[in-house]
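Student: Below: sequence and its predicted model.
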Amino acid sequence: MLNKIYDAMMNGDIASIGQLTKDALDENIVPKTIIDDGLLRAMNEIGELFKNGELFVPEVLMRAQALNMSMQILEPLLKEGDIDKKGKIVMGTVKGDLHDIGKNLVILMLEGAGYEVIDLGVDVSEQKIIDAVKEHNPDFIAMSAMLTTTMVNMEKCIEAIKGEGLYDNLKVLVGGAPVTNTFAEKIGAYYSSDASSAVELANQLIAS
Amino acid sequence: MKVKSNFLDINEIEKIHSMTLKILSEVGVEIDCKEIVELFKKNGAKTDGNKVYIDEELFNKALSTVPKEFDLYGRRGSIKIGGDSKIIAPVSGPIMVMEGNKTRSNTAEDFVKFQKLHHSSKVMDVINPNLIEPQDIDRENVRNYQMAVCLKYSDKPMIGFTTSPEASIDSINMAQEFYDYKDNVVLGIISVISPLKYDDAMMEATQIYAEKNQPLMFACCSLPGATSPTTISGTVAVNNAEVLAGIIISQLLRPGLPVLYGNTTGSCDLRYVSPAIGTVETGLFIYAAAAMAKYYGIPCRTGGALSDAKGVDWQAGIESTVTMLPSLMSTSNFILQACGVMDSFNIMSYEKFILDEQNIEMLLRMTKGFDVLDTEEEFDVIKKVGPGGQYLQEMHTAMNFRKEHYTAKLFNKAGYEMWANSGSPSVLENASKEVKKRLEGHKNIENTEVQEKILKRYLDGYKIN
C-alpha cells in the first residue's frame, strides 16, 4: 500500500492519491508511516529528479499538489510530536516585488523535505519580517526577489534585522533570478540557485 | 500549421525539365561500360562511342516503371522510403575522426563505437557500413568487417557497398544470409561523375544490385563553377539530367527496381577550388532536387548536416542547420550524411554526431508545426487561471508542455549562476558526456545460432567488444 502511495506521488496521480491515503488508513497504517515511507520518500526522489533535470517545474508542482491532497487527510489525525520538523523558515518575496512562482516552488520543496515554512507572501516589508521573526523564532529567514530593482531590499531587510538584534540567532537565505553568490555574501546571506539546492543549503546549515 | 512545401513552382519545374530533355538528347551522357551502352542501343537510343543520347520517348518509358515508394528491410522489419517519409541516414566516408578537439585517423574501435551510437540513436533510421574507413583493418577484409560489425551492433536496415563488384556481391549476400530474406536488404549508392558521366565501377555495381533486386540511390555531387555550371539553375538542370540518366539505366536493367533520386551538390569555393558543402546554396539545391523528384514521382534523397568546419563550433552549427532545414522542410525522403560530418565530408565527430541528433529533433519539431486545437480544455484553463494568474501549477500545463515544447537538453539553458555552479560546461563538454553515457548504455543484440556463425566467420580474429 505504501508503495502504491509512493507510485501515485511519483506519477503525480492526483486522481487517486486521496483514495489511496484513505485505503492506507483503513489498513491501520499510522499517518506518520504514510507520510514518511510513502509521501516524503517520493518527495525526496522527486527533488532529486528535478535537480537532475528529469522533471520540470509543472511536473513537480503537480506532485506537490498530490502531496497536499494526502496531507489534508492525514494532518488532522497526527499526534503531537508525530512529525519532527527539521527547522522553521520564515519566507517572503521582498518589498516592491510581486513575483511568487519561484518562492512558492522553494516552499513546496522545503516542506517536502520536512521544514515548517511560514509564508509571508509577496511585497513583504522589513517590519513584517521582523514581526514574523519575533513571533515564530525561526531558524531561517528566506527572501526572494525577481528584479534587480527589488533585490536591494534584501540588504535593507538584513540591516533592519541586525538593528533589532535578531541577526545572530538565525541564518538568512536568498534567491531569485538576479541574485548571485557574490551579492549574497556581500549582504551577509546564503545563496541557492534553485529550489532543490535551497533544500540542500538549508540541510547543510541546519547540520552545522 | 505545417512547415512543408514544394519550393519551386510548376513553371520553374517545367523549364528545368525541358532543359534536362535537351541535355540528355543533344549533349548525351558518357558511360564507361560497354554492356550499358549496348543496353541503350537495344532500347533504340542513339549512341556515339561510349556516349548515349536519351530522347523524350525513352525517357518517359524508362521512368514510367519507377516505384513511388519502397521498403528497405532490416532485422526487425522494414522502413518505407517515399511519400511523406523522412528517413534519417548516416554519414558516408570520412577517414578522420574528431573526439573533443582532437582529430586523428579513425580506427576499428571508432567504427564499433559509432555503430553503437547509431543503434541507440532516436533519430537515426538506418545504419551504414560505409560510415568511416577504419584505417587499422587490412584492406582485403575491411568491407566484410564493416558489414559484420553493423549487423552485430544494430538491427536497423542497412546501406550496402558499391565500391567494387566483390564488395557489392559480398554485402548483398551477407545481408541476405543474415536476415534469411532476399529482396531490398541493402541500399546501394551510385555516384555520378559530374558532369554527365558514369564510370565502369559504378555501372558494375548498378548491374549487380539490379540483378539481385536491391534498391539503388543515384546521386550527384557536382561543384558549381568546376564540374557543373556556376548558375544555380544551370547546375540544377545538369544534375537532374545526370541523376535521371542513372535511374533510366536502372529501369532498363530491371523495370520496377526501387530507386532514389539523390543530390548532394553544394558549392565550390573558387578561391581554393574545393568543395564547400555547408553553404546556403546547398539549401537551394536541396529545394530544387526535392521539387524535381516529386515532379517525377521518385523518392528523393538530399541533405545532411553538412559542414566545412574544422571543429564543433559556430560555423559547424550554422552550416549544419542551413543544410538540414531545407531537407526537412521540403520532405526529402532520405537524408544521408545526417549526423556528425564536417570538414567537407573528411571528418566524423563524436560530439557533432550527438549535437546533430538534437538539431534534427529541434528542426523536426519546428517543421511539424502545431495544431489549432480549439478545445474546451484550453478555454477552461484560460478561464480558471484568469487575468493576472499563472499556468505553472495547472494540470493542463503538466500534461501538455512536453508534447508542445522541445527541450534541447545539450544546450545550456539554466541561469548564469546555476550554470557556473555546475562547472561552466561548454556545449561540447555536454555532448562528450552524452557520448560516454550512450556508449556505456549499449546493450548487445541477441542473435540466432546461424547469425552468430555468420558474424564469427567475418569477425574472428578482430578485437571486438
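Tutor: That came through fine. Residues are numbered from 1 along each chain as shown, chains lettered A, B, ... in the order given.
Student: what's B:Pro420 sitting at in phi/psi?
Tutor: In this structure residue B:420 is Ala, not Pro. Dihedral angles of B:Ala420 (phi, psi; degrees, to the nearest 10) stand at phi -60, psi -40.
Student: Let me see the contact set for it.
Tutor: Under the criterion of CB atoms under 8 Å, 6 or more residues apart in numbering or on different chains, the contact list for B:Ala420 is empty. Using the backbone N, CA and C atoms, a C-beta is placed for each residue, glycine as well.
Student: how about residue 58, what does it touch?
Tutor: You didn't say which chain, so I picked chain A. A:Pro58 is in contact with B:392-394, B:397-398, B:401, counting by CB under 8 Å, 6+ apart.
Student: Actually, chain B is the one I wanted.
Tutor: Taking CB under 8 Å, 6+ apart as the criterion, B:Leu58 is in contact with B:43-45, B:248.
Student: That one falls within a helix, correct?
Tutor: Yes. Using DSSP: H, G, I helix; E, B strand; the rest coil, the assignment for B:Leu58 is a helix.
Student: Quick check: it vs B:Gln251, distance?
Tutor: B:Leu58 sits 10 Å away from B:Gln251, taking CB to CB, to the nearest Å as the criterion.
Student: What's the first helix or strand after the helix ranked longest in chain A?
Tutor: Longest among the helix segments of chain A by residue count, using DSSP state H, is helix A:57-74. Sequence-wise, the next helix or strand beyond helix A:57-74 is strand A:88-93, with elements assigned using DSSP states H and E.
Student: hey, which helix is longest across chain B?
Tutor: helix B:232-253.
Student: so what's A:His60 up against?
Tutor: Actually, residue A:60 is Val rather than His. Contact partners of A:Val60, counting by CB under 8 Å, 6+ apart, are A:46, A:50, A:105, A:108-109, A:195.
Student: Using a markdown table, lay out the contacts of B:Leu58 together with pLDDT.
Tutor: Below are the contacts of B:Leu58 laid out as a markdown table (pLDDT from 0 to 100):
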| residue | pLDDT |
| --- | --- |
| B:Asn43 | 97 |
| B:Gly44 | 97 |
| B:Ala45 | 98 |
| B:Ile248 | 98 |
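Student: B:Val280 is in contact with B:Glu319, correct?
Tutor: No. The pair B:Glu319 and B:Val280 does not pass the contact test of CB atoms under 8 Å, sitting 9.1 Å apart.
Student: if you count what's nearby, which of the two comes out ahead?
Tutor: Set side by side, B:Glu319 and B:Val280 show more neighbours around B:Glu319, with 23 against 12, by other CB atoms under 10 Å in any protein chain shown.
Student: From chain A, how far out is that one?
Tutor: Separation of B:Glu319 from chain A (CB to the nearest CB, to the nearest Å) stands at 29 Å.
Student: The lowest-mean-pLDDT helix or strand in chain A vs helix A:57-74, what angle?
Tutor: Of all the helices and strands that make up chain A, helix A:101-112 has the lowest average by mean pLDDT, DSSP states H and E, namely a mean of 85. Relative orientation of helix A:101-112 versus helix A:57-74 (axes from the mean of the first three to the mean of the last three CA atoms, to 10 degrees): 50 degrees.
Student: State the next helix or strand along the chain beyond helix A:101-112.
Tutor: Counting by DSSP H and E, the next helix or strand C-terminal to helix A:101-112 is strand A:116-119.
Student: That next one - what's its average pLDDT?
Tutor: Summarised as a single mean, pLDDT over strand A:116-119 is 94.
Student: what are the C-alpha coordinates of that strand, in PDB please?
Tutor: C-alpha atoms of strand A:116-119 as PDB (Å, rounded to 0.1, in the frame of the first residue of the first chain):
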ATOM      1  CA  GLU A 116       8.000  24.200   8.600                       C
ATOM      2  CA  VAL A 117       7.600  27.300   6.400                       C
ATOM      3  CA  ILE A 118       5.700  30.400   7.300                       C
ATOM      4  CA  ASP A 119       4.900  32.100   4.000                       C
END
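Student: Briefly note if it comes near chain B.
Tutor: No. Residues of strand A:116-119 are not located near chain B by CB under 8 Å from any CB of the partner chain, the shortest gap being 14.9 Å.
Student: In chain A, where is pLDDT below threshold?
Tutor: Regions of chain A meeting the criterion pLDDT under 70 are absent.
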